[in-house]
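**Student:** fold the following, please.
(2 chains)
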Amino acid sequence: MALDSVMNPPSVPPRLDTDALIDDRRTRIIVCCGSGGVGKTTAAAAIGLRAAERGRHVVVLTVDPARRLAQAMGLSYLDNIPRPVDTGFPSGGSLHAMMLDMKRTFDEIVEAHADPDRAAQILANPFYQSLSSSFAGTQEYMAMEKLGQLHRTDEWDLIVVDTPPSRSALDFLDAPQRLGRFLDGRLIRLLTAPAKPGRAYMKMLNAGFSLVTGTLTKVLGAQVLKDMQTFVTAFDTMFGGFRERAETTYRLLQTPGTSFVVVAAPEPDALREASYFVERLAGERMPLAGLILNRVHVPAATRLSAARSIAAAETLENHEVPNGDAEAAAPPRYALAAGVLRLHAERMQLSVRERRVAEHFTAAHPTVPVAEVASQPEDVHDLEGLRAIGLSLASRPARG
Amino acid sequence: MRARDTDWEGVRLHVVTGKGGTGKTTVAAALALALSYDGRKVLLIEVEGRQGLARLFDCPPLPYAERKVGIGPGKDGRTGGDLYALAVDPEGALLDYLEMFYGLRHTGQALTRLGLVDFATTIAPGLSDVLRTGKATEATRRKAGGREVYDAVVMDAPPTGRIGRFLNVSVEVSGLAKVGPVRTHADAVARVIRSPQTAVHFVTTLEEMPIQETLDGLAEMRGLGIQVGGIFINKVHPDGLEEAHLKAAAEGRTDEAEIALGLKAAGLADAQTLAAGLAIELAEHARNVALQERERRELAAAGQPRYELPAITDGIDLGGLYRLAEVLRDQGAA
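**Tutor:** Numbers count the residues shown, from 1 in each chain, chains lettered A, B, ... in the order given. All right, here's what the predicted structure looks like:
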């Protein structure tokens, strides 16, 4: 390793210019992704609002927003329909917002791809109900599906999507394919393909088939197995259409009109996820706009380091050591100053830690533009709060 | 003999949940350590395949086997106990289940190769949940030589958003199986989870969203007839500031001159400007403290025992874990 790469100060990342991104009419889709609990939904809503106020016709697709944030945008329940949001700001643009109802979205696809009888049969099947309401990837899959639908209507010139709160940021990209792979899986084919004589490998499969069905019947019970087979058979006929849709949306995400924004808090876990995501997007040739570093703590007095602040606090605290009893009872003159110095030291330490993890990210991904949003004392619960975040995204960071 | 009872006498299965990012895994591990005293044997179970426990205890990734990872703190008239850990994955749990109830280990392996586990976890997460909760209840009830093998089992459970579904196994499975062996198994698991032997603890920080999720989760557990345990308030920052100073700062009445005087006395240059900056930081902090007080009151209204855990800065390590375990013990959680 070259010595000067160790000696040189950490590189400063290019700045993510969110205003340039939303002002560029060629930007048609912005996908906000990142691990859970980093403020993804808030970032998506803030970008959407700012874009609308800069003249775009925007729809924000959110998945599972916090109650107060939903209320801030005038959404009170899941209804799968984009609702207009009154921004109270004449701009020539417009803002719509919607919350994803994954089960309804799934039901609608089934209804669109199967004849009424078969659709009814699928919708009533216990395995379909389980899959559509609780499959670990259904939410991701349906978010992609809804994004494709919104795009096809061509009613909006900018769609801002907030990805589901997955454990891993990558689930969003993987879920549709995982569902596809699963439905193409060997076990499924065993369950759906009754004995077809002839080829040798089919014989093997048939031997496997009776082993599987025998065991499953024993362990799950005959009714469960029957429901499972009914579901898989019914689903199989429409699955081609399903996969086609998923692939179309996937390709849409690779077009230049799409921009991914990775959201992370300045913490090791969140930035590790962000790193994986950045690498993955590059691998999939999906366009990355940059990283939003959310909830950054910025002390007001950065010139006094933590170490000097602690030393000063100690000096003051030693001042207070009483020489006699009379003084011990007196109110300590410097308690306030010592207290704020300790507080400042803690903030500086936190800030230094955050800076360090951010630098690690930039060292690994020096070309990824970064925008910072300062930590807010309260969660956003009105449009004013969203506007403030949008503004904070657009302005240069406080420190150089 | 111990001087006092702990808050959770009689509870043998501790389920720990919380919003992502609140430190659920850390608190589960600290609680398990705190419960490992006086020769007691405790099992800490992880169910989400993240190997978070291995990272915490600084050991190689945990296999699907119960492995000793630590010794509880012996202090204040208590001696240490043994802490074991287990990472449950649905595949291992399925093989376990097939072997235990049907003697079908080899068939199980064949099925796994065919993608049965993938199938079960994809199409019917309820099935994979019942396998994982089933492993925890099995360990809780396991006996050898006429007594229970583990004195307590602590489960690092899925986050609050999914905990109801995860624990409500018999209902989740009954949608899929009205009768049959899986249903019978699920019902047996559900009986343990709804018994007084099980309590669900919630981990939160003093922030709006985690608190809202905690309160929603508490209500959900009560609705399901599952015993609610304690509320573990994590990452609390003590500040050492006086009440009067905080109150003044919250109202924008900070005495900057007083701060400047102190800064000057400490030998810092440009005391005036610095004092103004520090006063802004104090005001922000005071607003936070006021918000946190409001949030504490909200949590208190839930009527469950509460424990406060200090923020461990610079990352949690084994030493930090022991410190948290002691804090929990001092507050009566174990």
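**Student:** all helices for the stretch 151-300 of chain A, in order.
**Tutor:** Assigned by DSSP state H, counting those that start in this stretch, the stretch 151-300 of chain A shows helices spanning A:171-183, A:186-192, A:200-220, A:222-252, A:268-283.
**Student:** now the fourth one: buried residues?
**Tutor:** Counting neighbours by 16 or more other C-beta atoms under 10 Å in any protein chain shown, one finds that the buried residues in helix A:222-252 are A:223-225, A:227-236, A:238-239, A:242-243, A:245-246, A:249-250, A:252. (Each C-beta comes from the backbone N, C-alpha and C, glycine too.)
**Student:** and the last one, by the same measure?
**Tutor:** Within helix A:268-283, the residues scored as buried using 16+ other C-beta under 10 Å are A:270-275, A:277-278, A:280-281.
**Student:** who touches that helix?
**Tutor:** Contacts to helix A:268-283, defined as C-beta atoms under 8 Å, 6 or more residues apart in numbering or on different chains, come from residues A:33-35, A:37-38, A:168-170, A:173, A:260, A:262-264, A:287-288, A:291, A:357-358, A:360-361, A:364-365, A:368, B:315.
**Student:** which of those fall in strands?
**Tutor:** Those of the contacts of helix A:268-283 mapping onto strands are A:33, A:260, A:262-264, A:288, A:291, per DSSP state E.
**Student:** redo these as a markdown table? Include pLDDT and distance to chain B.
**Tutor:** What follows is the ones in strands among the contacts of helix A:268-283, written out as a markdown table (pLDDT from 0 to 100; distance: C-beta to the nearest C-beta, whole Å):
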| residue | pLDDT | distance to chain B |
| --- | --- | --- |
| A:33 | 90 | 15 |
| A:260 | 95 | 21 |
| A:262 | 95 | 17 |
| A:263 | 95 | 13 |
| A:264 | 94 | 12 |
| A:288 | 96 | 24 |
| A:291 | 97 | 18 |
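**Student:** what helix or strand is residue B:203 on?
**Tutor:** strand B:198-204 (DSSP states H and E).
**Student:** is chain A contacted by the following helix or strand past that strand?
**Tutor:** Counting by DSSP H and E, the next helix or strand C-terminal to strand B:198-204 is helix B:208-224. Yes. Helix B:208-224 is in contact with chain A by C-beta under 8 Å from any C-beta of the partner chain, via B:208-209, B:212.
**Student:** and those residues, which is closest to chain A?
**Tutor:** Using C-beta to the nearest C-beta, residue B:208 is the member of the residues of helix B:208-224 next to chain A that lies nearest chain A, at 4.5 Å.
**Student:** ok, the closest one - contacts?
**Tutor:** Taking C-beta under 8 Å, 6+ apart as the test, what residue B:208 contacts is A:66, A:68, A:378-379, B:295.
**Student:** rewinding a little: quick one: buried ones out of the ones in strands among the contacts of helix A:268-283?
**Tutor:** For these, buried by 16+ other C-beta under 10 Å: A:33, A:260, A:262-264, A:288, A:291.
**Student:** from those, pick the one nearest residue A:309.
**Tutor:** residue A:264 (28.0 Å; C-beta to C-beta).
**Student:** what does the stretch 251-400 of chain A put close to chain B?
**Tutor:** Looking at chain B, the residues of the stretch 251-400 of chain A close enough under C-beta under 8 Å from any C-beta are A:268, A:299-301, A:303-304, A:308, A:312-313, A:315-316, A:319, A:333-344, A:346-347, A:349-350, A:353, A:377-379.
**Student:** list buried residues within those residues.
**Tutor:** Using 16+ other C-beta under 10 Å as the burial test, those include A:299-301, A:304, A:308, A:312-313, A:315-316, A:334-344, A:346-347, A:349-350, A:353, A:379 as buried.
**Student:** name the nearest residue to the residue in the stretch 101-250 of chain B positioned nearest to chain A, sequence neighbours excluded.
**Tutor:** Nearest residue of the stretch 101-250 of chain B to chain A: residue B:180, at 2.3 Å (C-beta to the nearest C-beta). The spatial neighbour of residue B:180 that comes closest, neighbours along the chain excluded (C-beta to C-beta, 6 or more residues apart in numbering or on different chains), is residue A:221 at 2.3 Å.
**Student:** from residue B:12, how far off is the one you found?
**Tutor:** 31 Å (C-beta to C-beta, to the nearest Å).
**Student:** what residues go with each domain of the chain?
**Tutor:** You didn't pick a chain, so chain A it is. A:10-173+A:248-299+A:359-394, A:306-354 (automatic domain parsing).
**Student:** hm, I was asking about chain B
**Tutor:** Using automatic domain parsing, chain B is parsed into the domains B:13-237+B:311-330, B:243-286.
**Student:** could you tell me the least trusted of those?
**Tutor:** The weakest mean pLDDT among the domains of chain B belongs to domain B:13-237+B:311-330, with a mean of 89.
**Student:** burial count for residue B:219?
**Tutor:** 13 (other C-beta atoms under 10 Å in any protein chain shown).
**Student:** ok, now the one 10 residues further on?
**Tutor:** Residues near residue B:229, counting by other C-beta under 10 Å, number 24.
**Student:** so residue A:142 makes contact with residue A:105?
**Tutor:** Yes. Under the criterion of C-beta atoms under 8 Å, residue A:142 lies in contact with residue A:105, with a separation of 4.3 Å.
**Student:** those two: who's more crowded?
**Tutor:** residue A:142 (26 against 19).
**Student:** residue B:240 and residue A:345 touch, don't they?
**Tutor:** No. The pair residue B:240 / residue A:345 is not scored as a contact, 11.2 Å apart, by C-beta under 8 Å.
**Student:** and these two? which has more neighbours close in?
**Tutor:** Between residue B:240 and residue A:345, residue A:345 has the larger neighbour count (other C-beta under 10 Å), namely 21 against 11.
**Student:** isn't residue B:87 right up against residue B:62?
**Tutor:** Yes. Applying C-beta under 8 Å, one finds residue B:87 in contact with residue B:62, separated by 4.0 Å.
**Student:** which neighbours do those two share?
**Tutor:** B:46, B:51, B:53-54.
**Student:** show me what the lengthiest helix in chain B is packed against.
**Tutor:** The longest helix of chain B (DSSP state H) is helix B:271-300. Where contact means 3 or more C-beta pairs under 8 Å, 6 or more residues apart in numbering or on different chains; DSSP states H and E, helix B:271-300 is packed against helix A:335-364, helix B:208-224, strand B:228-236, helix B:243-250, helix B:256-265.
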